[in-house]
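> Show me how the following folds:
(4 chains)
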There are 2 protein chains.
Amino acid sequence: MAIKKEKVSKELILEAARNVFIEKGFDGARMQQIADRAGANKALLHYYFSTKESLFEDVFKEAFSTFAPHFHDELLKVKSFKSFLVFFLDIYIKLLLNHPYLPLFILSELQRNPDKLAQIVKGIVDFELIQQMIKKEMDDGNVVKMDVRELIVNILSLCIFPFAGRPMMQRVLWKNDEVGYVNFLNQRAESIYKFLESTLFINN
Amino acid sequence: MAIKKEKVSKELILEAARNVFIEKGFDGARMQQIADRAGANKALLHYYFSTKESLFEDVFKEAFSTFAPHFHDELLKVKSFKSFLVFFLDIYIKLLLNHPYLPLFILSELQRNPDKLAQIVKGIVDFELIQQMIKKEMDDGNVVKMDVRELIVNILSLCIFPFAGRPMMQRVLWKNDEVGYVNFLNQRAESIYKFLESTLFINN
DNA sequence: AAGTTATTTAACCATTTGGTTAATAAAATA
DNA sequence: TATTTTATTAACCAAATGGTTAAATAACTT
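Next comes the predicted model:
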């Protein structure tokens, strides 16, 4: 049986690199494995992306952009923090369901190489507008007063940890029942909202 | 200046291995670096711990035992979920403050090698008693009714994520102000309690 | 079609890495 | 003290790994 030869290109390599790096991390990833998964010769990786570091940086930057919450347009359209929260939880949990390995990948690579990688992704994420918006809602008496950054960390904790901590949580709390855990994750946006509702909102 | 020769032993090697593995992960760790940091010859690592894998497993098991919440005695002594929560947050956040790199280490290694490592740490962590206790408190009307496992995940999220997500959170929300972030972490036990109080407890 | 450029590959290469060996030094034991 | 066991080391080794090179093939240009 002849080996089916497909078009090999920069994009196929990037795609393979994404998979391998996110699965194994920078240190665990092998250029040969990326080449194999792309159906390409290893030298071709160096032809398009000069070094492993450089290829990784491309992957990381893109991954970070995906993972980092973006607020631009929806922030402006929305009329209260309450509806923002509903909206945000919906899209962000959906995103994590589509990219469940991103959190741990981003966080561990960032920890292993904080300065260099932070440099690479500088300016991609910006919480300024959100912070202002929440602050205003607190001043207006719609949201319970607390440290805004703390509130954001709490919300992100509740979103991200179930994905990042899955290898542990699923085992010890769901007795390794994958279906059950996926159900839990699928409900996550609503669960978080319900959980937070009574804590956060005044005049409800 | 003569090089000071100290006693080199199994414990020094383990100590060095702990540091290096937790800092770099299994794939990023180098036996030579562990040897150097222990002030020992590389062959000595293989004398005491036969392979890198085996040395890593020892380190991982110990690290997991430290990281995993333990409930034994305090669970029995405590009279309500409310006081349990106060107690738990205090000791667990203190533990994380003392071992801030553990969460990301455990979680990423567990994700890279779930089955093997889960096998190694099987039985170390057990949430059964806690779940029963919380369930009873819900039935008694002291705690708001919800899925118990979900509640536990929420609490652990709020505890662990600020540490695991520090490389990202500190930059984007604290503008890389280390002192500010450490303050935040130091307050964490109280903050979490205050945040949860209004959500969780009935008749307060 | 001829010439030029871009893509792709097989074969190498130097370095790093986990691991081994055989010999030495230090303790323990008799 | 003599001997046996334990601890420690320098020197190696084979495999793996990121990276290079020079040649071949395919794709454009003219």
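> gap between the most centrally placed residue in chain A and residue B:112?
Among the residues of chain A, the one closest to the centroid is residue A:67, at 2.8 Å (Cα atoms, centre = their mean). According to Cβ to Cβ, to the nearest Å, residue A:67 and residue B:112 sit 18 Å apart. Placement of C-beta: from N, CA and C, glycine included.
> Where do the domain boundaries of chain A fall?
A:10-58, A:68-200 (automatic domain parsing).
> dump the residue contacts of the residue nearest to the residue nearest to the centre of chain A when sequence neighbours are not counted.
Distance criterion Cβ to Cβ, 6 or more residues apart in numbering or on different chains; nearest residue to residue A:67, sequence neighbours excluded, is residue A:102 at 4.6 Å. Contact analysis of residue A:102 by Cβ atoms under 8 Å, 6 or more residues apart in numbering or on different chains lists A:22, A:63, A:66-67, A:96, A:163.
> so which of those residues comes closest to residue A:73?
The nearest member of the contacts of residue A:102 to residue A:73, counting by Cβ to Cβ, is residue A:66 at 17.0 Å.
> Output the lowest mean pLDDT helix or strand found in chain A.
Taking mean pLDDT, DSSP states H and E as the measure, helix A:72-77 is the helix or strand of chain A with the lowest mean score, a mean of 76.
> helices or strands next to that one in the packing?
helix A:81-98, helix A:128-139 (3 or more Cβ pairs under 8 Å, 6 or more residues apart in numbering or on different chains; DSSP states H and E).
> quick one: the first one to helix A:128-139, angle?
Between the axes of helix A:81-98 and helix A:128-139, defined by axes from the mean of the first three to the mean of the last three Cα atoms, to 10 degrees, the angle is 140 degrees.
> Check whether helix A:81-98 comes into contact with chain B.
No. Helix A:81-98 stays clear of chain B (Cβ under 8 Å from any Cβ of the partner chain), getting no nearer than 12.9 Å.
> list the helices and strands that helix packs on?
helix A:72-77, helix A:128-139, helix A:148-164, helix A:178-186, helix A:188-200.
> what's the angle between the longest one and helix A:128-139?
What it means is helix A:148-164. Using the same axes, to 10 degrees: helix A:148-164 against helix A:128-139 is 120 degrees.
> Output the helices and strands packed on helix A:72-77 as TSV; include the columns mean pLDDT and mean neighbour count.
Formatted as TSV, those follow (pLDDT from 0 to 100; neighbours: other Cβ atoms under 10 Å in any protein chain shown):
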stretch	mean pLDDT	mean neighbour count
helix A:81-98	95	17
helix A:128-139	92	15
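> looking at this, residue A:173 is in a strand?
No. Under DSSP: H, G, I helix; E, B strand; the rest coil, residue A:173 sits outside any strand and is assigned helix.
> Provide a list of residues in contact with it.
Applying Cβ under 8 Å, 6+ apart, the residues near residue A:173 are B:127, B:149, B:152-153.
> one more time with 6 Å, if that's ok
B:127, B:149 (Cβ atoms under 6 Å, 6 or more residues apart in numbering or on different chains).
> about what we covered before: out of the contacts of residue A:102, the closest to chain B would be?
residue A:67 (8.8 Å; Cβ to the nearest Cβ).
> That closest one contacts residue A:107, correct?
No. Under the criterion of Cβ atoms under 6 Å, residue A:67 makes no contact with residue A:107, lying 9.1 Å away.
> Near chain B, which residues of chain A? Just list them.
A:27-28, A:104, A:107-108, A:110-111, A:114, A:118, A:125, A:127, A:149-150, A:153, A:157-158, A:161-162, A:164-165, A:167-169, A:171-173, A:198-199 (Cβ under 6 Å from any Cβ of the partner chain).
> which of these count as buried?
Buried by 16 or more other Cβ atoms under 10 Å in any protein chain shown: A:28, A:104, A:107-108, A:110-111, A:114, A:118, A:125, A:127, A:149-150, A:153, A:157-158, A:161-162, A:164-165, A:167-169, A:171-173, A:199, out of the residues of chain A next to chain B.
> Just the mean pLDDT for the host helix or strand of residue A:116, thanks.
Following DSSP states H and E, one finds residue A:116 within helix A:114-120. Helix A:114-120 shows a mean pLDDT of 91.
> is DNA strand D contacted by it?
No. Helix A:114-120 does not reach DNA strand D (Cβ under 7 Å from any atom of the strand); its nearest approach is 14.7 Å.
> Quick check: buried residues in that helix?
A:114, A:117-118.
> residues contacting residue A:65?
Applying Cβ under 6 Å, 6+ apart to residue A:65 gives the contacts residue A:124.
> so is it in a helix, a strand, or just coil?
Taking three-state DSSP, the label given to residue A:65 is helix.
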